[in-house]
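Q: next come a sequence and a model predicted from it.
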Amino acid sequence: MQTVFSSVLPDMPAVAVIWLVLLAVAATVVTALIVRPSRFRSELIDRISDAARPSSIDRAERARVRDQEQVRYADEVAVAASRATATAERSRAEWLTAQEEAEAAWQAYQTAEEDVRRLTAAAALPLPRTARTPAEYADRERWLHRAAMDAQWRNEITVRQLSDILGGNGWDPSRHPVEQELLLRRLVRDNMAARHRAAMQREQAAWQAAELAAAAAQSLRDEAFAALHPVAEPQTELSIVGFAGPEATRELPTVVGVETTREPTPVARGRAAVVA
């Protein structure tokens, strides 16, 4: 025991000095944290943020990859926009054709209506008396068949209607030619009216298709432009959990976003869209 004490006791003052120094350092740190906590907290957050923030090489590599992806995406959108533009031009050409067909059908209907009015006024007058002989009836039948075949050749009546006239299905060949012509003109007028309604429906459908195609092409062109000319979004801030406050926030690298600008779809004279 004397040997142990003799070897330990001489080192006690040095150990005590070391413990006193450590206690003084700890007390100094605690006092500094109590007196000026923001300074040490800010330095700690700075170190943590610097360790979490990517290096300049990493940022440059990410920016390069992002730019390549953005250019590739812009090229794909530009190709889709060119195809949509071609589709819109074709749709507009189809609408113009349908509009011309509707105008032609309307003119044909107006002509048929004028013929009906003229023949109605003529049929109101007393009909000339003719001998009711088999020859007269044969002439009337030949006239009706010839007038019906001429109307079908002009595409004014259908083949089935011509077959009904030639077969006497609902038609009386013995009637006076003025009455026969009035009935035939009324049939033609009804056919022209039906064709005009169908042409108007086709024109309306073509116009809607042209409008949708033009809007789609314009949207793709806007998206392609936005992809080639991105707009930087406002910088965001990073907050460290457990160190809330103004000193605990740091700005992240700028995030590049895409902001799509919309322009009014050009519209052609009338209703169909004009493809830019």
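A: In hand now; what should we look at?
Q: tell me the SS of residue 170?
A: Recorded secondary structure, residue 170: coil (DSSP: H, G, I helix; E, B strand; the rest coil).
Q: confidence score at it?
A: pLDDT, residue 170: 81.
Q: tell me where this structure has strands.
A: 231-232, 237-239, 249-251, 256-257 (DSSP state E).
Q: below-threshold pLDDT in the stretch 51-200 of the chain: ranges please.
A: By pLDDT under 70, the weakly predicted segments of the stretch 51-200 of the chain are 51-55, 58, 127-128, 130-131.
Q: redo that, cut-off 80
A: For the stretch 51-200 of the chain, applying pLDDT under 80 flags the ranges 51-68, 70, 122-132.
Q: can you map out the helices along it?
A: 56-123, 134-153, 159-167, 177-228 (DSSP state H, counting those that start in this stretch).
Q: what's the third one packed up against?
A: Under the contact criterion of 3 or more Cβ pairs under 8 Å, 6 or more residues apart in numbering; DSSP states H and E, the helices and strands touching helix 159-167 comprise helix 134-153, helix 177-228. Every residue, glycine included, has its C-beta placed from N, CA and C.
Q: what residues of that helix count as buried?
A: For helix 159-167, the neighbour count (16 or more other Cβ atoms under 10 Å) marks 161-162, 164-166 as buried.
Q: how about it as PDB, C-alpha atoms only?
A: This file holds the C-alpha atoms of helix 159-167, laid out as PDB (Å, rounded to 0.1, in the frame of the first residue of the first chain):
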ATOM      1  CA  VAL A 159     -81.700   6.400-108.200                       C
ATOM      2  CA  ARG A 160     -84.400   4.900-105.900                       C
ATOM      3  CA  GLN A 161     -86.600   7.900-106.500                       C
ATOM      4  CA  LEU A 162     -86.100   7.500-110.200                       C
ATOM      5  CA  SER A 163     -87.000   3.900-109.900                       C
ATOM      6  CA  ASP A 164     -90.200   4.800-108.100                       C
ATOM      7  CA  ILE A 165     -91.100   7.300-110.800                       C
ATOM      8  CA  LEU A 166     -90.500   4.900-113.700                       C
ATOM      9  CA  GLY A 167     -92.400   2.100-111.900                       C
END
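Q: run through who's touching it.
A: 144-145, 148-149, 151-152, 157, 169-171, 184, 187, 191 (Cβ atoms under 8 Å, 6 or more residues apart in numbering).
Q: make TSV out of the buried residues of helix 159-167 and add distance to residue 221.
A: Listed next are the buried residues of helix 159-167 as TSV, based on distance: Cβ to Cβ, whole Å:
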residue	distance to residue 221
161	50
162	53
164	55
165	57
166	59
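Q: distance check, residue 146 against residue 165.
A: 11 Å (Cβ to Cβ, to the nearest Å).
Q: how close does residue 175 sit to residue 149?
A: From residue 175 to residue 149 the distance is 18 Å (Cβ to Cβ).
Q: revised request: answer the last question for residue 23.
A: 125 Å.
Q: with residue 75 instead?
A: From residue 75 to residue 149 the distance is 62 Å (Cβ to Cβ).
Q: likewise for residue 230?
A: 70 Å.
Q: do the same with residue 191
A: For residue 191, the distance to residue 149 - Cβ to Cβ - is 15 Å.
Q: more crowded one of the two?
A: The neighbour comparison of residue 191 against residue 149 (other Cβ atoms under 10 Å) goes to residue 191, with 19 against 14.
Q: hmm, back to that, who wins for proximity to residue 90 among the helices and strands packed on helix 159-167?
A: Minimum separation from residue 90 across the helices and strands packed on helix 159-167 (Cβ to Cβ) falls at helix 177-228, 8.0 Å.
Q: show me what that closest one is packed up against.
A: Packed against helix 177-228 by the contact rule (3+ Cβ pairs under 8 Å, 6+ apart) you find helix 56-123, helix 134-153, helix 159-167.
Q: at 6 Å what do you get?
A: helix 56-123, helix 134-153 (3 or more Cβ pairs under 6 Å, 6 or more residues apart in numbering; DSSP states H and E).
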